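> predicted structure and sequence below. I'll ask about it afterward.
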Amino acid sequence: MRTSLQHLREKVLNNLSGVIAILVLVVALGGCQAAGPVPRVTPQVWDAWSVGQILDAKTGHVVSTAEWLEGLAGYDVIYLGEEHHNRSHIESALTVLRSLVTRGRRPVLAMEMFGWEGQPALDAYLETKESARPEFLERVGWKQNWGGAFEDYEPLVQFAKDQRLPVLAMNPPKTLIRQVVKLGLAQAKEQPEWRQRGMEQETIVDDPAYRSRILSQLQACHGGGAPEDYQTMYDASMVRDEGMAKTVAAAVNRVRAAGDPTQGPVVSYTGGGHVQYRLPVPNRVARRVEHGLKQVTIYMATLEQDRAAELYQSMQEGIADFVWLTPPGSQGAPRRCR
């Protein structure tokens, strides 16, 4: 067990995209969920489901897409949770953004795929009509922060560029997260970078419900060790979600301070694990923003008919406010832990 856990920690520290992959696997229902008993569900609940539909998670019933899109403009924050590198999820996000722009709104797009340190390069890229992609990816630290094909996410960035919309880099720096994985939260707070990144005044909330869910998923997906064996990885997940919440909350406050009804809402685009059950990011944003914050969570999920009951169960447990059914990505449906 110790050898396995040591290997997992080394993977987080040394793999170029390991930090992203591991921490998303920690929390993502689609990426890491222990299989369990699924209750019988009235067949007509999911027999009517098909790709492209949007479901009310409380009932499992299909909503009117047109009416639903119109209603999104009334929120302060719209959370879109994806399966990574699924192009149909990018198209879903573009549908939301286009709908908001068509209605005269100026949404703020926040993306997990960019790290805080890349914000200046991201701003410059958005403001320049012509900019070479390789140079931009180098300056923004794409490979270091995210990796994988930028082409998968480029449509979102290009839409924002064409519409002159702001794009926010959500992710705390990789170096900061690596310190937490290596040292644990208490020691990481004592490092110079913690202060350099403006984290010294931040409260990292260790919510019991969040802890229970994350640690249980870690145990199910990574060897079944004791909770203490995963403590630094749990700490890193917590810091990462708190850092993303910091970015979103600051954006909400800026939109409110502007006093312009056309500005906003904030559209957060992350892996689904960061929005599930509102525990990772949405609840942390709610603690940071005062006065009637309105948020909606949308979980984009590959429709697998043989797992429809499992999806319905997660909806009944409150995985999100709405579930958007999509085809699988190029790599197929996300893996499940057994």
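Noted; the coordinates are in hand. Just so you know, these numbers come straight off a predicted model, no measurement behind them.

> please name the bridge partners of the spatially closest residue to Asn86 that is not a sequence neighbour.
The shortest distance from Asn86 to any non-neighbouring residue, by CB to CB, 6 or more residues apart in numbering, is to Gly329 (3.4 Å). For every residue, glycine as well, the C-beta is placed using N, CA and C. Note on Gly329: beta-bridge partners Gly332, judged by DSSP bridges.

> who does the helix or strand hosting Gln219 touch, helix- and strand-wise?
Assessed by DSSP states H and E, Gln219 sits inside helix 208-221. Identification of packing neighbours for helix 208-221 by 3 or more CB pairs under 8 Å, 6 or more residues apart in numbering; DSSP states H and E yields helix 18-27, helix 231-258.

> and the helix or strand containing Pro265, what's its mean pLDDT?
Using DSSP H and E, Pro265 falls within strand 263-271. Here strand 263-271 scores 98 as its mean pLDDT.

> what sits up against that strand?
24, 27-28, 31, 72-73, 75-84, 93, 96-97, 100, 105-113, 156, 170, 244, 248, 251-252, 255, 275, 281 (CB atoms under 8 Å, 6 or more residues apart in numbering).

> report the beta-bridge partners for the spatially most central residue of the chain.
Here the mean C-alpha position of the chain is nearest to the C-alpha of Thr270 (CA atoms, centre = their mean), at a distance of 2.5 Å. With DSSP bridges as the criterion, the beta-bridge partners of Thr270 are Gly81.

> that older thread, report the inter-axis angle for the strand holding Pro265 versus helix 231-258.
Interaxial angle, strand 263-271 versus helix 231-258 (axes from the mean of the first three to the mean of the last three CA atoms, to 10 degrees): 160 degrees.

> starting at the chain centroid, how far to strand 263-271?
Centroid separation between strand 263-271 and its chain, computed with CA atoms, centre = their mean, to the nearest Å, is 10 Å.

> off-centre distance for the helix or strand immediately after it in the chain?
With elements assigned by DSSP H and E, the helix or strand that comes after strand 263-271 is helix 282-288. When distances are taken as CA atoms, centre = their mean, helix 282-288 is centred 14 Å away from the chain's centroid.

> ok, stretch 62-80 next?
Using CA atoms, centre = their mean, the offset of stretch 62-80 from its chain centre is 18 Å.

> how about that stretch: buried residues?
For stretch 62-80, burial by neighbour count (16 or more other CB atoms under 10 Å) applies to Val62, Trp68, Leu69, Leu72, Tyr75, Asp76, Val77, Ile78, Tyr79, Leu80.
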